[in-house]
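1. coordinates only, sequence not included:
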């Protein structure tokens, strides 16, 4: 399981085996059964999850009991609840929607690990900026893109999830109804698009 993280990091930074051993001492490996809620609103969660196998989702439930999917995290993706870093309770659920194994990184992992591997500061900044860019693009898509554009963007971002995620969850992520998603998929099928 740690090898997947090693590969991920080595694709981005120079890292020796000795350095990797030093920065992974505090990392825990945990497996969550399907439908297990890992984080709930109101909890303070400071862990970051690196998915090695399976699939997580982050979502909220509004006052009308409507589920709003914020993000999915398949293999080699990160997920965490950022409020915990400010010692504030979560606004979101994080759930394993498949049996999922993840590496649990302790609070301040990248800052602490950068003592041994200084370039982890830059990598962490890059990852945070990419996360902000992702969220800005996602907000813009929800505000201004058509349902078809949103779906095509979803397929591009998560190319292997259309068969792993229930259609209602994809519709929730896209901010449309399952019926609208069905129409979009039919229209695309008529155009010979395959997802």
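-> That came through fine. Everything numeric in this text was worked out from a predicted model, so none of it was measured.
2. Now residue 72. Its backbone dihedrals?
-> Dihedral pair for residue 72: phi -110, psi 150, per degrees, to the nearest 10.
3. Can you name the residues that contact it?
-> 55-58, 158, 161, 165, 173 (CB atoms under 8 Å, 6 or more residues apart in numbering). From N, CA and C alone the C-beta is placed, and that goes for glycine too.
4. Mind doing that once more with 6 Å?
-> Applying CB atoms under 6 Å, 6 or more residues apart in numbering, we find residue 72 in contact with 57, 158.
5. who does it bridge with?
-> When bridges are assigned using DSSP bridges, the partners listed for residue 72 are residue 57.
6. So for it, what's the pLDDT?
-> Per-residue confidence for residue 72 comes out at a pLDDT of 98.
7. Would you double-check that residue 49 falls in a strand?
-> Yes - under DSSP: H, G, I helix; E, B strand; the rest coil, residue 49 sits within a strand.
8. so it bridges to which residues?
-> Here residue 49, judged by DSSP bridges, has bridge partners residue 79, residue 104.
9. That one - how many residues pack around it?
-> Here the count is done by other CB atoms under 10 Å, and residue 49 has 24 residues near it.
10. Hmm, residue 81 and it touching each other?
-> No - in this structure, residue 49 is not within contact of residue 81 by CB atoms under 6 Å, at 9.6 Å.
11. what's the overlap in contacts for those two?
-> Shared contacts of residue 49 and residue 81, defined by CB under 6 Å, 6+ apart, are not found at any residue.
12. Would you map the helices across this protein?
-> Applying DSSP state H to the chain gives helices spanning 2-10, 17-23, 109-113, 120-144, 147-157, 167-174, 178-190.
13. Counting neighbours, show which residues of the third one come out buried.
-> Buried positions in helix 109-113, judged by neighbour count with 16 or more other CB atoms under 10 Å: 109-110, 113.
14. picking that back up, closest to residue 62 out of the helices of the chain?
-> Taking CB to CB, helix 167-174 is the member of the helices of the chain nearest to residue 62, at 11.0 Å.
15. what's the angle from that closest one to helix 147-157?
-> Relative orientation of helix 167-174 and helix 147-157, computed by axes from the mean of the first three to the mean of the last three CA atoms, to 10 degrees: 100 degrees.
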